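Visitor: Predicted coordinates and the sequence they were generated for:
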Amino acid sequence: MCNEKSTVQSLSKLFALRIICLYRHLVSNKREFVLSKQLLRSGTSIGANIKEAQFAQSKADFIAKMYIALKEAGETEYWLELLHEARYLESTEFDNIITLCQAIVRMLNAITKTARNR
């Protein structure tokens, strides 16, 4: 699980950086301000919660932080879908970033399930 945590941490940081770039693109080029702001908040929050979980005071605290990261990842997935369906994101842009988001969701799901069962 240790290796999986470092992998999800690295992926979530990469994802946050991509979300920041996407946010800039949406604001500058598409003039979209509302959904993109929600996407920025939830998409960067994933990695922040994973980082906080590293310093958890207890198993319960660790699980809680990782579960918050999972919920933020789910929310981010929703905003990405909305932006795509509203035609702010092209299919290639969407497919590329949603795949990474879904991979993070799967990893966080596995981590939280494993931690709860121990």
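Guide: Sure, I can see it.

Visitor: got the residue ranges for the strands in the protein?
Guide: For the chain, no strands are identified by DSSP state E.

Visitor: Spell out for me which residue occupies the centre of it.
Guide: residue 73 (3.8 Å; C-alpha atoms, centre = their mean).

Visitor: Could you report the separation of that residue from residue 42?
Guide: Separation of residue 73 from residue 42 (C-beta to C-beta, to the nearest Å) stands at 8 Å. All C-beta spots, glycine's among them, are computed from the backbone N, C-alpha and C.

Visitor: Same question for residue 21.
Guide: 16 Å.

Visitor: So which of those two has more stuff around it?
Guide: residue 42 (20 against 11; other C-beta atoms under 10 Å).

Visitor: who are the neighbours in contact with the more buried one?
Guide: Each residue near residue 42 by C-beta atoms under 8 Å, 6 or more residues apart in numbering is listed here: 72-73, 75-76, 79.

Visitor: ok, the residue nearest to the centre of the chain touching residue 108?
Guide: Yes - counting by C-beta atoms under 8 Å, residue 108 is a contact partner of residue 73 at 6.0 Å.

Visitor: returning to that earlier point: so which of the contacts of residue 42 is the most crowded?
Guide: Going by other C-beta under 10 Å, residue 73 tops the contacts of residue 42 with 29 neighbours.

Visitor: For that one, give me the pLDDT.
Guide: Here, the pLDDT recorded for residue 73 equals 98.

Visitor: measure it to residue 58 for me?
Guide: 23 Å.

Visitor: go on, residue 29?
Guide: Taken as C-beta to C-beta, the span from residue 29 to residue 58 is 45 Å.

Visitor: list the contacts for residue 115?
Guide: 1, 59, 62-63, 66.

Visitor: what's the answer for residue 75, then?
Guide: Applying C-beta under 8 Å, 6+ apart, the residues contacting residue 75 are 38, 42.
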